[in-house]
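S.K.: Pasted the sequence and its predicted model underneath.
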Amino acid sequence: MREKHVLSSCIKSKEAFDAVQKHVETQDLSEQGSVVWAGICEYYDTDPGAARVDDELLGESIARQVSADKHKEMFKGLVKGLAQFDSSPANVVEDLIQTKRERIGNQLAAALLAGDEAATLLEEYNEILDAKTLGDDEQEDDTRQGYSVLDLVATDFDRDNLIRIYPESLNDRLDGGVKPGHHLILFARPEMGKTMFVIEMMAGFARQGLTVLYIGNEDPIADINMRVVNRLSGMTKLEVINAPQKADDVAREHGYEQLILKGLAPGTSREITNLIEFHKPDVLVLDQLRNLNMFQDNYVLALESAAKQARQWAKRYSCVVVSVTQAGDSAQDKAVLDMGDVDFSNTGIPSQADVMIGLGANPNHQKNGEIVISLPKNKVSGKHEYFAVAIEPHLSKVMPLG
């Protein structure tokens, strides 16, 4: 690997970084190169929408992490030189492809000669043998002119092709569901049932045969796992503990194996990107946005960066993304929520949503075991409505009233 070319290309092009970042091994870099590479990764994690790295900011950021003045100036000069170095991102990607082919080919040959298990290496070698880039497959052209209306309706707006959102009363107000690429933001006060609601949604996705990747960075993943089993099996925690085989059988009948539960503490955009590319989910659930490490000192900017990144994942990987965040003090004991009730960011976060789902309740609703679902933003159907539903918290179940 030509270290200088790789670092230079990644500084000058986020596209090049996205293409090679999974394949850069830090042990293959020099000590100084590893420091610069870590800085580049942190920069794009902080601002996923950046087209390139600001070399002055990167140099200053790295300088703050080293103690000796001579090393500070050395890294500033190194970053500045890399930014000015004449490199070709496209050729860098091609060079890494060739290098990776050679390395995996040698590993495969050695494994076969030694009689070792080589299935994984063989799969990796076949994949890289056909590769044209180190990144994702070429994205489908999203440009349309004079596109057939018949095809538009049949492919993009046929109700049979929509992803249904549960509970049913919510799905009805979304005109039958959402499409891959849509970003839903769920917000509520603490203890108002945000995780219960996403588990209800996940159970519905599982019943549709969809693969769901749940990223949890607040509750222990074992607790989430139990609540998922409660919902899919219809059994309380005590019943599951007393009859685990029965709970397992019933949960699997209802799509349990479609759900991938991953705990992060707290998780970065690069970690989640790698999980998406590995699991290829139809639906990604982020619980919660506020806990993701976006490498921002300003909390509002961090929240908005997280929401922006979530929307980019939805579009880039053609999946539905459900993001969970908090409602502010203004939503306390309030039944019908609006965009201004989102905690800390009542403009930046809503701007990144196709649908906003607020969960609220006044004391009377809480006494009766009800929550109110509000749709302050709904680009899917345009229906900005609110309605009450009944809940069974011990089963993480949401039901229509009556």
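M.R.: Here it is on my side, so go on.

S.K.: ok, K308 - contacts?
M.R.: Contacts for K308 were tallied using CB atoms under 8 Å, 6 or more residues apart in numbering; they are P48, G49, G348, Q352. Using the backbone N, CA and C atoms, a C-beta is placed for each residue, glycine as well.

S.K.: Run through the strands of the chain in chain order.
M.R.: 183-188, 212-216, 259-263, 283-287, 320-326, 355-360, 370-378, 386-392, 397-400 (DSSP state E).

S.K.: Of the ones you listed, flag the one that's most buried.
M.R.: Mean neighbour count (mean count of other CB atoms under 10 Å) peaks for strand 183-188 among the strands of the chain, with a mean of 27.

S.K.: Name the residues that touch it?
M.R.: 165, 178, 194, 197-198, 289, 307, 310-311, 314, 320-327, 331, 337, 341-343, 349-350, 352-360.

S.K.: Using TSV, please lay out the strands of the chain together with distance to L232.
M.R.: TSV is the format used below for the strands of the chain (distance: least, CB to CB, whole Å):
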stretch	distance to L232
strand 183-188	20
strand 212-216	12
strand 259-263	8
strand 283-287	15
strand 320-326	18
strand 355-360	21
strand 370-378	21
strand 386-392	14
strand 397-400	10
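
S.K.: Distance to N91 and mean pLDDT added to the ones you listed, as JSON lines?
M.R.: Output for these, formatted as JSON lines (distance: least, CB to CB, whole Å; pLDDT from 0 to 100):
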{"stretch": "strand 183-188", "distance to N91": "35", "mean pLDDT": "98"}
{"stretch": "strand 212-216", "distance to N91": "34", "mean pLDDT": "97"}
{"stretch": "strand 259-263", "distance to N91": "36", "mean pLDDT": "97"}
{"stretch": "strand 283-287", "distance to N91": "33", "mean pLDDT": "97"}
{"stretch": "strand 320-326", "distance to N91": "34", "mean pLDDT": "97"}
{"stretch": "strand 355-360", "distance to N91": "42", "mean pLDDT": "98"}
{"stretch": "strand 370-378", "distance to N91": "44", "mean pLDDT": "97"}
{"stretch": "strand 386-392", "distance to N91": "56", "mean pLDDT": "97"}
{"stretch": "strand 397-400", "distance to N91": "53", "mean pLDDT": "95"}
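
S.K.: Domain-wise, how is the chain divided?
M.R.: What the record gives for the chain is the domain set 3-129, 157-400, from automatic domain parsing.

S.K.: What average pLDDT does the first one get?
M.R.: Translated: domain 3-129. What domain 3-129 shows for mean pLDDT is 80.

S.K.: The chain should start at 28 in everything you say after this.
M.R.: With the count now opening at 28, the last piece we talked about shows up as domain 30-156.

S.K.: Now do that domain: distance to the chain's middle.
M.R.: Chain-centre distance of domain 30-156: 23 Å, with CA atoms, centre = their mean, to the nearest Å.

S.K.: end to end, how far does stretch 416-427 reach?
M.R.: End-to-end distance of stretch 416-427 (CA to CA, to the nearest Å): 5 Å.

S.K.: can you list contacts of it?
M.R.: Contacts of stretch 416-427 (CB under 8 Å, 6+ apart): 193-196, 220, 222-224, 226-227, 254-255, 257-258, 261, 263-264, 396-400, 428.

S.K.: Whichever of these end up buried, select them in ChimeraX.
M.R.: Buried residues among those (16 or more other CB atoms under 10 Å), as a ChimeraX selection:
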select :193,194,196,220,222,223,224,226,227,254,255,257,258,397,398,399,400
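
S.K.: Which of the contacts of stretch 416-427 fall within helices?
M.R.: Taking DSSP state H as the definition of helices, the contacts of stretch 416-427 contribute E195, S196, T222, M223, F224, I226, E227, R254, V255, N257, R258, K264.

S.K.: picking up where we left off before, I'd like the domains of the chain laid out as CSV, including distance to T170.
M.R.: Formatted as CSV, the domains of the chain follow (distance: least, CB to CB, whole Å):
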stretch, distance to T170
domain 30-156, 18
domain 184-427, 14
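
S.K.: Quick check: which of the ones you listed is buried the most?
M.R.: The highest average neighbour count among the domains of the chain, using mean count of other CB under 10 Å, belongs to domain 184-427 at a mean of 19.

S.K.: Excluding chain neighbours, what is closest to Q92?
M.R.: Using CB to CB, 6 or more residues apart in numbering and skipping residues adjacent in sequence, the residue nearest Q92 is V62, 7.8 Å away.
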